[in-house]
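Asker: Below are the sequence and a predicted model; questions follow.
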Amino acid sequence: MASYVAPALRDKFETLSSELKDCILERNVRLNTLQDLICVLEEIVKEGES
């Protein structure tokens, strides 16, 4: 499965750093809403804390 970023969310997604975007896209996620993006970012933060 390839990651998907909804067109309505693409502008916000593009403001992220290249490294962070790559990290998100490697997770094979579907980002349809801002809440979807926030959840993925929270997961990344939690992994960084462990």
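Answerer: Good, I have the coordinates.

Asker: What segments of this protein are helices?
Answerer: 7-14, 18-25, 34-49 (DSSP state H).

Asker: any chance of these in JSON lines, plus mean neighbour count?
Answerer: All C-beta spots, glycine's among them, are computed from the backbone N, C-alpha and C. Below are those laid out as JSON lines (neighbours: other C-beta atoms under 10 Å):
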{"stretch": "helix 7-14", "mean neighbour count": "11"}
{"stretch": "helix 18-25", "mean neighbour count": "13"}
{"stretch": "helix 34-49", "mean neighbour count": "12"}
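
Asker: Just send these back as CSV, with distance to Met1 too.
Answerer: Listed next are the helices of the chain as CSV, based on distance: least, C-beta to C-beta, whole Å:
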stretch, distance to Met1
helix 7-14, 18
helix 18-25, 11
helix 34-49, 14
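
Asker: I'd like those helices laid out as a markdown table, including mean pLDDT.
Answerer: A markdown table is the format used below for the helices of the chain (pLDDT from 0 to 100):
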| stretch | mean pLDDT |
| --- | --- |
| helix 7-14 | 96 |
| helix 18-25 | 96 |
| helix 34-49 | 96 |
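
Asker: Enumerate every residue touching the residue minimising distance to the centre of the chain.
Answerer: By C-alpha atoms, centre = their mean, the chain has its centre lying nearest to Ile24, at 4.1 Å. Counting by C-beta atoms under 8 Å, 6 or more residues apart in numbering, Ile24 touches 3, 13, 16, 31, 37, 40-41, 44.

Asker: just these now: which is nearest Ser50?
Answerer: The shortest gap between Ser50 and any of the contacts of Ile24 belongs to Ile44, at 11.4 Å (C-beta to C-beta).
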